[in-house]
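1. give me coordinates for this.
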Amino acid sequence: MEEIDPATTFALIGQITAVPGKREELIGYLTAGSAGMPGNLAYEIWRDRGEENSVWITEVWQDNASHKASLALPQVQEAIRQARPIMAGFGARAEVERVGARS
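-> Numbering: from 1, shown residues only. Sure, this is the predicted structure:
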């Protein structure tokens, strides 16, 4: 992973809920759409252990501009198009700032 500069890094954590029974399909679209995003330092998808239709996504970007630019990438647009019909909604979302880490 590239070095993270807390002064410029943009990071967020967000929850997406799939329609019942479609979480794995949603994960597939999110995974496929996240390949080759310039400026992306980390993109992780997590199954929510307490909500069977929910996933959490953590994203770390070199800067906010890289994140915004990613939304126009063809593979991201295609993932959004495919995932939209099976998305039940969005939960919590937080923009976060790194204050510590351990290797």
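2. pull stretch 11-24 out as PDB, backbone CA atoms only.
-> Provided in PDB are the C-alpha atoms of stretch 11-24 (Å, rounded to 0.1, in the frame of the first residue of the first chain):
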ATOM      1  CA  ALA A  11     -11.400   7.900   3.400                       C
ATOM      2  CA  LEU A  12     -15.000   6.700   4.000                       C
ATOM      3  CA  ILE A  13     -16.900   3.900   5.400                       C
ATOM      4  CA  GLY A  14     -20.400   3.100   4.100                       C
ATOM      5  CA  GLN A  15     -23.200   0.500   4.400                       C
ATOM      6  CA  ILE A  16     -25.300  -0.800   1.600                       C
ATOM      7  CA  THR A  17     -28.200  -3.200   2.000                       C
ATOM      8  CA  ALA A  18     -29.200  -5.600  -0.700                       C
ATOM      9  CA  VAL A  19     -32.700  -6.800  -1.300                       C
ATOM     10  CA  PRO A  20     -33.200 -10.200   0.500                       C
ATOM     11  CA  GLY A  21     -31.000 -13.000  -0.900                       C
ATOM     12  CA  LYS A  22     -29.000 -10.700  -3.200                       C
ATOM     13  CA  ARG A  23     -26.000  -9.800  -1.000                       C
ATOM     14  CA  GLU A  24     -23.500 -12.100  -2.700                       C
END
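3. show me how far the helix or strand hosting Thr58 is from its chain's centre.
-> Assigned by DSSP states H and E, Thr58 belongs to strand 54-61. Centroid separation for strand 54-61 versus its chain: 4 Å, with C-alpha atoms, centre = their mean, to the nearest Å.
4. what's it packed up against?
-> Packed against strand 54-61 by the contact rule (3 or more C-beta pairs under 8 Å, 6 or more residues apart in numbering; DSSP states H and E) you find strand 10-18, helix 23-33, strand 40-47, helix 64-70. The C-beta positions use only the backbone N, C-alpha and C, and glycine is treated the same way.
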